[in-house]
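> Task: produce atomic coordinates for the following.
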Amino acid sequence: MQPTTSPCRRRSTGLCLALCFGAALTAPVQAQQAHPDISIKWWHGALAAGGVSALLLLDSPVRGFSQGNRGAAGDGAASVVRRMGQPEVYATVTLGLLGAGLVSGDSRITRAGARAASSLALTVPRSTAGSI
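Below is the predicted model of the structure:
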């Protein structure tokens, strides 16, 4: 049996991490300042909704085709891709960004790593609590 932590402790850990890394979110992203005169039109949302709807219609046939034509090469590729959502991948990338930014002295890389860390600090406790 695995030890469990109380919901209060998980919540306080998530809050602490969010506060620690939340300062990174207060700095505006450079791309947001580059073109302040660009606005999103109503038809941009309609195109996005239409694109998502088209992908939803293709989901079942693509899944059926890929499951019906399985092979060793496809299974090997799937095992690599499956690991991309694991903590050892996204935590390593986040720590790598932070470390590279600090070592190189490039504040843009450090801010990117801090934004990634703050994103993890906000999402990982929620997803972990949802899976328990």
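
> And the one helix or strand residue 95 maps to, what's buried?
In this assignment (DSSP states H and E), residue 95 forms part of helix 87-104. Neighbour counts over helix 87-104 (16 or more other Cβ atoms under 10 Å) mark 90, 94, 97, 98, 101 as buried. C-beta here means a position set from N, CA and C on the backbone, and glycine is covered the same way.

> how about JSON lines for those residues, with distance to residue 83 added?
Below are the buried residues of helix 87-104 laid out as JSON lines (distance: Cβ to Cβ, whole Å):
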{"residue": "90", "distance to residue 83": "10"}
{"residue": "94", "distance to residue 83": "16"}
{"residue": "97", "distance to residue 83": "19"}
{"residue": "98", "distance to residue 83": "21"}
{"residue": "101", "distance to residue 83": "25"}
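
> of those residues, closest to residue 58?
residue 90 (27.3 Å; Cβ to Cβ).

> isn't the closest one right next to residue 119, touching?
No - if you go by Cβ atoms under 8 Å, residue 90 and residue 119 don't touch, sitting 9.3 Å apart.

> hang on, the earlier thing: I'd like to know which elements the helix holding residue 95 is packed against.
With contacts defined as 3 or more Cβ pairs under 8 Å, 6 or more residues apart in numbering; DSSP states H and E, helix 87-104 has these neighbours: helix 107-131.
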